[in-house]
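got a sequence here, can you build the structure:
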Amino acid sequence: MNFTYHDYQELLWRLRERGYHFAAFPQAEDYLRQGRMFVLLRHDVDFDVEQALRMARIETESGALATYFFLLRTEHYNLLSPETLAVVSEILALGHHLGLHFDCAAYPPSWETAALAAACAREVRVLAEWFQRPVTIVSYHRPGRRELSGEPGISAPLPHTYLPLFVQRMRYLADSRGEWRFGVPTQDAAFVEGRPLHLLVHPVWWHDRPLSPQEALSEVLARRAAAVEASVARNCSVYQRV
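Take a look at the predicted model:
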């Protein structure tokens with residue numbers, strides 16, 4: 001499977017054709033209890049919000065809904081800048097859900113679970129207040145052993161995406177590092193059997209044409225450099241572009 005927008009449209013179409021309902025994370029437990037066929041579609045936005053918007057538009061055109069998890073503390077984008085704020089607002093206006101992508105590495109490694117949970121709660125409040133949308137779920141950026149253990153206290157009082165509910169009671173598949181590490185969704189036995197799915201899709205890997213992971217990241221760096229240069233030119237009249 002190539003990581004192109006065409007292939008992504010095909011993936012969404014296959015899910016709908018198979019009978020999957022695109023659900024939000026708070027619906028998962030009830031849907032499991034009811035035996036419904038559903039998919040949790042999740043995007044961890046690590047580098048580029050513009051690519052996230054492209055995915056969101058494709059999903060809306062395809063009749064799909066996803067949850068977008070944004071970093072509040074990152075060097076890669078400023079979530080509260082006017083430009084990024086407008087992009088995220090458009091994603092939410094399309095009907096998609098809002099989640100916090102929490103980076104434990106942004107805090108001292110000596111912090112205990114309770115301190116990280118409090119920091120996570122603060123970030124959730126900022127995100128919800130700025131976008132005037134509820135934040136009901138947390139995902140972890142660069143999760144370590146503690147995050148992957150499924151311990152509920154690290155995001156309390158909210159749930160996080162590595163709870164057993166989301167990774168054991170349904171089939172979890174991810175495109176981490178630019179490849180389907182646990183199998184292509186539409187070729188997986190869970191898809192064939194119509195079992196619940198949890199799909200993690202990173203917008204950074206998807207483009208108009210097939211790219212290697214290194215090529216995809218190089219494009220992000222080039223766009224970021226151009227954006228920073230344009231911003232400097234707008235904000236400082238003495239700057240002269242070469």
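
specify the local secondary structure of residue 173.
strand (DSSP: H, G, I helix; E, B strand; the rest coil).

okay, it and residue 70: tell me how far apart.
22 Å (CB to CB, to the nearest Å). All C-beta atoms are positioned from the backbone trio N, CA, C, and that covers glycine.

same question for residue 174.
Per CB to CB, residue 174 is found 18 Å from residue 70.

so which of the two has more stuff around it?
Between residue 174 and residue 70, residue 70 has the larger neighbour count (other CB atoms under 10 Å), namely 25 against 18.

what helix or strand is the more buried one on?
Using DSSP states H and E, the element containing residue 70 is strand 67-71.

give the other helices and strands that that strand contacts.
In this structure, strand 67-71 packs against strand 38-45, helix 49-61, helix 82-93, strand 97-102, with contacts taken as 3 or more CB pairs under 8 Å, 6 or more residues apart in numbering; DSSP states H and E.

now with 6 Å?
Under the contact criterion of 3 or more CB pairs under 6 Å, 6 or more residues apart in numbering; DSSP states H and E, strand 67-71 touches strand 38-45, strand 97-102.

nearest to residue 224, of those strands?
strand 38-45 (13.9 Å; CB to CB).

which residues are contacting that closest one?
For strand 38-45, the external contacting residues (CB atoms under 6 Å, 6 or more residues apart in numbering) are 15, 20-23, 25, 31, 52, 66-70, 101, 139, 196-203.

any idea how far residue 230 lies from residue 160?
36 Å.

tell me the buried residues in the longest helix anywhere in the chain?
Taking DSSP state H as the criterion, the chain has its longest helix at helix 213-235. In terms of neighbour count (16 or more other CB atoms under 10 Å), helix 213-235 has its buried residues at 216, 220.

for that helix, give the mean pLDDT please.
In this model, helix 213-235 has a mean pLDDT of 90.

what angle do it and helix 82-93 make?
Angle of helix 213-235 versus helix 82-93, following axes from the mean of the first three to the mean of the last three CA atoms, to 10 degrees, is 120 degrees.

can I get helix 213-235 as PDB, trimmed to CA atoms?
Output in PDB follows, covering the C-alpha atoms of helix 213-235 (Å, rounded to 0.1, in the frame of the first residue of the first chain):
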ATOM      1  CA  PRO A 213       9.800   8.200   5.000                       C
ATOM      2  CA  GLN A 214      13.100  10.200   4.600                       C
ATOM      3  CA  GLU A 215      11.700  12.000   1.600                       C
ATOM      4  CA  ALA A 216       8.500  12.800   3.400                       C
ATOM      5  CA  LEU A 217      10.400  14.300   6.300                       C
ATOM      6  CA  SER A 218      12.600  16.300   4.000                       C
ATOM      7  CA  GLU A 219       9.500  17.900   2.400                       C
ATOM      8  CA  VAL A 220       8.300  18.900   5.900                       C
ATOM      9  CA  LEU A 221      11.700  20.500   6.700                       C
ATOM     10  CA  ALA A 222      11.700  22.400   3.400                       C
ATOM     11  CA  ARG A 223       8.200  23.700   4.000                       C
ATOM     12  CA  ARG A 224       9.100  24.700   7.500                       C
ATOM     13  CA  ALA A 225      12.200  26.500   6.500                       C
ATOM     14  CA  ALA A 226      10.300  28.400   3.800                       C
ATOM     15  CA  ALA A 227       7.600  29.400   6.300                       C
ATOM     16  CA  VAL A 228      10.100  30.600   8.900                       C
ATOM     17  CA  GLU A 229      11.900  32.700   6.200                       C
ATOM     18  CA  ALA A 230       8.600  34.200   5.100                       C
ATOM     19  CA  SER A 231       7.700  35.000   8.700                       C
ATOM     20  CA  VAL A 232      11.100  36.700   9.300                       C
ATOM     21  CA  ALA A 233      10.600  38.800   6.100                       C
ATOM     22  CA  ARG A 234       7.100  39.900   7.200                       C
ATOM     23  CA  ASN A 235       8.300  40.800  10.700                       C
END
